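Q: I'll drop the sequence and a predicted model, then ask my questions.
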Amino acid sequence: MLDKTDSQANIAELMAEIGRRAKAAARPLAIAGPEKKNAALEAMASAIDAGRQSILEANRTDVEAAVAGGMATSFVDRLKLDDARIDGIIGGIRAIAALKDPVGDVIAAWDRPNGLKIERVRTPLGVIGVIYESRPNVTADAGALCLKSGNAVILRGGSDSLYSSRAIHACLVQGLEQAGLPADAIQMVPVSDRAAVGELLTGLGGTVDVIVPRGGKSLVARVQSDARVPVFAHLEGLCHIYVDASADPEMARAIVVNAKMRRTGICGSAETLLIDRALDRDVAASLLAGLAEAGCEVRGDADVCSLLPGATPASEEDWRTEYLDAIISARFVDGIEGAIDHIGIYSSSHTEAVIAEDPSVVDRFFTEVDSAILLHNASTQFADGGEFGMGAEIGIATGKMHARGPVGVEQLTSFKYRVHGTGQIRP
């Protein structure tokens, strides 16, 4: 039996080999034409459709283990697949195939006085490591997005979704092979040992170019702390929705309930409701009642508690909490100024929404709130690459370098300069 040291050495060797194979696969993938990449994506979608029953059976094993382990309802919801969600995965892959290929796209071009012609051109990043937890659909999203953008990818899914992710990954590999692309272009770490994550975060001897974590706060915090390569990440989705006095009452109620309750376990779910103190009290009461009637627990300030029987007082910690559950914190603020001040203190810079008909309010919100995604008169649940027309996303990046907001195919590229001359020499 191997001791701990032997086991760690074996994992280090395994991960180093995965990195080498990914690096080798990245070059032919980077120069593959759009027709070949799209053929692989279509083959992947068809393989997932044909393998639907085996994927559902694998997922059933994961879900049963999660339920038996006492996992939260929101966690199980993120983990669970059904026919509709598999249809969504297939549709997402095909939507990615339909996107314009970003590789080789000329972002900008200009001429210099000396006759040099300069172009800035999109290129793949190289090898991307994606670390995620309970959502098996990320296996397909990440694999497809990286393929379309010409990148090799190393997938490290959570142990809770291991069987589901493996079943989906097998379909992705089948698609690569049918199109004549290297199977190593999309690899899945075959072990659940957390030491594999630690190895991946080192960059595997320079073979990994960027890490994308997609999961809970503790996972993302570890990645951001320990990674030795660049990271595209968001720590949490502490999303706010502000209802201004100028808001349309019926629209506001519908949006607020949807923003919180459509799916409570996603990062775009609203966690804090801010209400303009000048809003009609009956309208405010209707907003809060709409949440309560939808099954949402409301934790609020004194004014909120006075308007909604059953609301409980909010603590300071509530304003800093990403619930990922049917709970929302709510408070009254002094107009757009108060909303901007609150968001500036508590936001995680993910997504915020303003419900208002006054254009000056909307203009201030869009100008002064510095989050990756800002919405006007729309639910925060639209914070999603698929809804942005990107086909899918690997995650929402809240940093300010390179990628911000939904990370789709364009965000998974870098660029290089091409300079055309006619014999110029520098004096």
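A: Received it, and whenever you're ready, just let me know what you need.

Q: going along the chain, name the helices of the stretch 301-427 of the chain.
A: Taking DSSP state H, counting those that start in this stretch as the criterion, the stretch 301-427 of the chain contains helices spanning 302-307, 335-346, 359-368.

Q: ok, now the stretch 51-200 of the chain?
A: Using DSSP H, counting those that start in this stretch, the helices found in the stretch 51-200 of the chain span residues 52-68, 73-79, 83-98, 137-148, 162-178, 195-201.

Q: hmm, who's touching stretch 54-66?
A: Outside of stretch 54-66, the residues that reach it under the criterion C-beta atoms under 8 Å, 6 or more residues apart in numbering are 48, 75-76, 79-83, 86, 134, 136, 160-164, 166-168, 171. In this view, the C-beta of every residue, glycine as well, is placed from N, C-alpha and C.

Q: for whichever helix or strand Ala12 is part of, what is the average pLDDT?
A: When elements are assigned from DSSP states H and E, Ala12 belongs to helix 4-30. Across helix 4-30, pLDDT averages out at 88.

Q: ok, now how distant is the closest residue to Gly300 other than its chain neighbours from Val409?
A: The shortest distance from Gly300 to any residue that is not its chain neighbour, by C-beta to C-beta, 6 or more residues apart in numbering, is 4.3 Å, and that residue is Ala330. Using C-beta to C-beta, to the nearest Å, one gets 38 Å for the distance from Ala330 to Val409.

Q: could you chop the protein up by domain?
A: Here the domain parsing of the chain from automatic domain parsing is 4-232+407-419, 239-382.

Q: now do the end-to-end distance for the shortest one.
A: In other words, domain 239-382. Across domain 239-382, the straight-line distance between its terminal residues is 12 Å, by C-alpha to C-alpha, to the nearest Å.

Q: that older thread, between the helices of the stretch 301-427 of the chain, which one is nearest to Asp318?
A: helix 335-346 (9.8 Å; C-beta to C-beta).

Q: which other residues reach that closest one?
A: With C-beta under 8 Å, 6+ apart as the criterion, helix 335-346 contacts 238, 240, 242, 244-245, 272, 274, 276-278, 319-320, 331, 333, 352, 354, 356, 361, 364-365, 368-369, 371.

Q: in the stretch 101-250 of the chain, which spans are strands?
A: Secondary structure of the stretch 101-250 of the chain (DSSP state E, counting those that start in this stretch): strands located at 106-111, 117-124, 127-132, 152-156, 186-188, 210-214, 239-243.

Q: and those: which comes nearest Leu200?
A: Sorting these by C-beta to C-beta, the top spot, which is the nearest, belongs to strand 127-132 at 4.9 Å.

Q: who does that closest one pair up with?
A: Counting by DSSP bridges, the strands paired with strand 127-132 are strand 152-156 (parallel), strand 210-214 (parallel).

Q: the closest residue to Val407 other than its chain neighbours: how many residues sit nearby?
A: Counting by C-beta to C-beta, 6+ apart, the nearest residue to Val407 once its immediate chain neighbours are dropped is Ile394, at 4.6 Å. Taking other C-beta atoms under 10 Å as the neighbour definition, Ile394 ends up with a count of 28.

Q: how far away is Ile394 from Pro313?
A: 39 Å.

Q: pLDDT weak spots in the chain?
A: Counting by pLDDT under 70, the low-confidence segments of the chain come to 1-8, 235.

Q: for Arg418, which non-adjacent residue is closest in space?
A: Nearest in space to Arg418, with sequence neighbours left out and distances taken as C-beta to C-beta, 6+ apart, is Glu119 at 4.4 Å.

Q: who are the contact partners of the one you found?
A: Contacts for Glu119 were tallied using C-beta under 8 Å, 6+ apart; they are 106, 108-109, 417-420.

Q: try Pro136
A: 59, 62, 79, 81, 157, 161, 164-165, 168 are the contacts of Pro136 under C-beta under 8 Å, 6+ apart.

Q: out of those, which one sits closest to Asn10?
A: Using C-beta to C-beta, Gly157 is the member of these that sits closest to Asn10, with 19.9 Å.

Q: and that closest one, how many residues sit next to it?
A: A count of nearby residues for Gly157, using other C-beta under 10 Å, gives 27.

Q: same question, Glu316
A: Burial of Glu316 is recorded as 7 neighbouring residues (other C-beta under 10 Å).

Q: and Ser192, by the same measure?
A: Burial of Ser192, expressed as a neighbour count using other C-beta under 10 Å, amounts to 13.

Q: next one: the closest residue to it other than its chain neighbours from Ala196, what distance?
A: Setting aside the residues directly before and after it, Ser192 is nearest to Ser159 in space (C-beta to C-beta, 6+ apart), at 3.9 Å. Counting by C-beta to C-beta, the gap between Ser159 and Ala196 amounts to 11 Å.

Q: what number of residues lie near Val407?
A: Tallying neighbours of Val407 according to other C-beta under 10 Å, which is how burial is gauged here, yields 27.

Q: that one and Pro213, how far apart?
A: For Val407, the distance to Pro213 equals 11 Å [C-beta to C-beta].

Q: who touches both of these two?
A: In the contact map built from C-beta under 8 Å, 6+ apart, the residues linked to both Val407 and Pro213 are Gly395.

Q: ramachandran angles for the residue nearest to Val407?
A: Summarising the backbone geometry of Ile394 under the convention degrees, to the nearest 10, its torsions are phi -90, psi -30.

Q: who are the contact partners of it?
A: Contact analysis of Ile394 by C-beta under 8 Å, 6+ apart lists 130, 138, 141-142, 145-146, 212, 214, 232, 385, 407-408, 412.

Q: try Leu204
A: With contacts defined as C-beta under 8 Å, 6+ apart, Leu204 is in contact with 15-16, 18-20, 129, 154.

Q: from those residues, which would you call buried?
A: Using 16 or more other C-beta atoms under 10 Å as the burial test, the contacts of Leu204 include 15, 18-19, 129, 154 as buried.

Q: of those residues, just say which sits nearest to Ala252.
A: Distances from these to Ala252 were compared by C-beta to C-beta; the smallest belongs to Gly129, at 41.7 Å.
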